[in-house]
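> Okay, here's the prediction I keep looking at, along with the sequence it came from:
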Amino acid sequence: MMIQRAENSARRPRPADRPRFRPGPWLALYSAALAVRVIYAWLAGGPRALPSPDAVAYDAIAWQLARGAGFSLPGAGGHDPTAIVPPVVPWLASLVYRAAGHQFFDALLLQCAIGALVPLLLAGYAQSVFGGRVGRTAGWLAAAHPLLVRFCCDLLPETTFTALMLVAFTASAAWVKAPRPGRALGVGLTWGVASLARPAALLLPVVVAAWAWVPVGLTVPARERMRQTSLLLLGLALAIGLWTLRNALVLRAFVPITTGGGRALLDGNNDLVWNDPRLRGDEISTAHIEPYASEVRGRSEPEAEALARRRAWAFLAAHGSEWPAMAAAKLARFWRVTSGGGAWLTPGGPGSPLARRLAVIDPLLVWSVLTWPFTAWGLVQTLRGPRRFYQGLGFLVVVYFTTLAIVSSGALRMRIPVEPMLVLFAAVGFEDARRRLRMRARALRVIVGRSGATRAV
């Protein structure tokens, strides 16, 4: 009896031993990333930090939410319901304000905590797609990236969206690797939440669905592939549908996410920007600059959004022959390797102490010089590799946001979601270069050991 039981147990294959999860390296990475961001936030403004002009609306709405006034702005008649900004960041900040009071620096600490998750999420995604070495390298590079650090020091959506985007990337990769209906729905929901943080990404799930169409079809039948793709789009619709319904009831207009889309388009496409060589390709806040500010005064948010959109398209139509020059100016500004002497990297403005220190050496320039060669090499190796279709999602994201920059503006904040992908390709290039150097050194040692020669053959 015992012999038979032993034979049966020997016949059953034992499951492969899985490596045990070790939290130590992940905690070290998160702690280092958080420390860098908190120190930077303290030096940039400290406990007396004030929101930048772009962050004023996020801060005001967050405080209104914390006070129980709903998603609104304070107005002369009380509380004015709004959809001027996407809802995720104000809602997260309102949790802090509700617990600790209206201290803007506390919201920045929350931003730092979320931003410190980006290296971990990037490392996790890179490990699942490229392997452990690339994941570790990408995580530590992202922990010190100057643009990723800087945008933790203001209450803007880029940091939160980047974290949510990486969560959606990881979910998308898992779905493509093992397609299941529940995973497809989860991918759509995740991308929907990410779009509620930054509406510019609303079409990105469509890009992901197109990217996944072929590999998913290799695993499941055509009918099942169509079903799972539909579930992805359903998840996206469910995630943003409730917010769209709220906007329809409150604003009495069809507003999928925000009423700021038209103004964002006008900010980068107007005569003031195009006729000023110093601003060409950038953006300005037309809500506070004449003649645009007076045109929307007294209008509802949907009306102001529609007017701004019409003004932007009218400007583009009137300058049709200059579209190539506009695109070139926006791309040059979008892909620049400097940050304007370092002052732009400081939320406190050019007069802050940190800005004076950064004016000595531009961190973005140093970063670009050191990492972009590895980024280019890593991208080449990825697109040449046998898994280029599966590993090339990051490149599609780069193309997507570059295209958006051509349409809207080349402001450097538009590039924040692209930076983790550039870091990922830099890690691929760095690890490939290190592997080649090790192989070369190992080959030289073998030659010396066998022949005793001192010259490589």
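Now that the structure is in, tell me what you want to look at.

> And the longest helix seen in the chain, what's buried?
When every helix of the chain is counted residue by residue (DSSP state H), the longest turns out to be helix 419-451. Within helix 419-451, the residues scored as buried using 16 or more other CB atoms under 10 Å are 419-432. No exception for glycine: its C-beta is placed from N, CA and C like everyone else's.

> what is the mean pLDDT for it?
For helix 419-451, mean pLDDT is 83.

> and what of stretch 257-277?
Throughout stretch 257-277, pLDDT has a mean value of 93.

> Ends of that stretch, what's the gap?
Start-to-end span of stretch 257-277 (CA to CA, to the nearest Å) is 33 Å.

> So for that stretch, what gets flagged as buried?
Of all the residues in stretch 257-277, those buried under the rule 16+ other CB under 10 Å are 257-270, 273-274.

> contact partners of the strand or helix carrying Leu108?
When elements are assigned from DSSP states H and E, Leu108 belongs to helix 104-115. Outside helix 104-115, the residues that touch it by CB atoms under 8 Å, 6 or more residues apart in numbering are 33-34, 37-38, 41, 45-51, 59, 62, 92-93, 96-97, 100, 148-149, 151-155, 159-160, 163.

> returning to what we had before: reformat the buried residues of helix 419-451 as JSON lines; add distance to Ala194.
Formatted as JSON lines, these follow (distance: CB to CB, whole Å):
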{"residue": "Glu419", "distance to Ala194": "16"}
{"residue": "Pro420", "distance to Ala194": "13"}
{"residue": "Met421", "distance to Ala194": "15"}
{"residue": "Leu422", "distance to Ala194": "19"}
{"residue": "Val423", "distance to Ala194": "19"}
{"residue": "Leu424", "distance to Ala194": "18"}
{"residue": "Phe425", "distance to Ala194": "21"}
{"residue": "Ala426", "distance to Ala194": "23"}
{"residue": "Ala427", "distance to Ala194": "23"}
{"residue": "Val428", "distance to Ala194": "24"}
{"residue": "Gly429", "distance to Ala194": "27"}
{"residue": "Phe430", "distance to Ala194": "28"}
{"residue": "Glu431", "distance to Ala194": "28"}
{"residue": "Asp432", "distance to Ala194": "30"}
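
> Report pLDDT for the closest residue in space to Ala126 that isn't next to it in sequence.
In space, and not counting its chain neighbours, Ala126 is closest to Gly135: 3.9 Å by CB to CB, 6 or more residues apart in numbering. Predicted confidence (pLDDT) for Gly135: 95.

> Let's see the helix or strand hosting Gly135 as PDB, backbone CA atoms only.
Per DSSP H and E: Gly135 is located in helix 132-143. Listed next in PDB are the C-alpha coordinates belonging to helix 132-143 (Å, rounded to 0.1, in the frame of the first residue of the first chain):
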ATOM      1  CA  GLY A 132      14.100  41.000 -14.200                       C
ATOM      2  CA  ARG A 133      17.300  42.800 -15.100                       C
ATOM      3  CA  VAL A 134      15.600  45.300 -17.300                       C
ATOM      4  CA  GLY A 135      12.900  45.800 -14.700                       C
ATOM      5  CA  ARG A 136      15.300  46.600 -11.900                       C
ATOM      6  CA  THR A 137      17.300  49.000 -14.000                       C
ATOM      7  CA  ALA A 138      14.200  50.800 -15.300                       C
ATOM      8  CA  GLY A 139      12.800  51.200 -11.800                       C
ATOM      9  CA  TRP A 140      16.000  52.800 -10.400                       C
ATOM     10  CA  LEU A 141      16.300  55.100 -13.400                       C
ATOM     11  CA  ALA A 142      12.700  56.200 -13.000                       C
ATOM     12  CA  ALA A 143      13.300  56.900  -9.300                       C
END
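
> Who are the packing partners of it?
If you count contacts as 3 or more CB pairs under 8 Å, 6 or more residues apart in numbering; DSSP states H and E, helix 132-143 packs onto helix 23-44, helix 117-129, helix 419-451.

> so which of those comes closest to Ala318?
helix 419-451 (34.2 Å; CB to CB).

> Can you work out which other helices and strands pack against that closest one?
Secondary-structure packing of helix 419-451 (3+ CB pairs under 8 Å, 6+ apart): helix 117-129, helix 132-143, helix 146-150, helix 157-177, helix 363-384, helix 393-407.

> can you list these in CSV and add mean neighbour count and distance to Ala212?
What follows is the helices and strands packed on helix 419-451, written out as CSV (neighbours: other CB atoms under 10 Å; distance: least, CB to CB, whole Å):
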stretch, mean neighbour count, distance to Ala212
helix 117-129, 23, 13
helix 132-143, 22, 21
helix 146-150, 23, 27
helix 157-177, 23, 5
helix 363-384, 17, 17
helix 393-407, 18, 9
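
> Out of those helices, which is closest to Gly217?
helix 157-177 (10.6 Å).

> name the helices or strands packed onto that closest one?
Using 3+ CB pairs under 8 Å, 6+ apart, helix 157-177 is in contact with helix 88-100, helix 104-115, helix 117-129, helix 181-197, helix 204-217, helix 393-407, helix 419-451.
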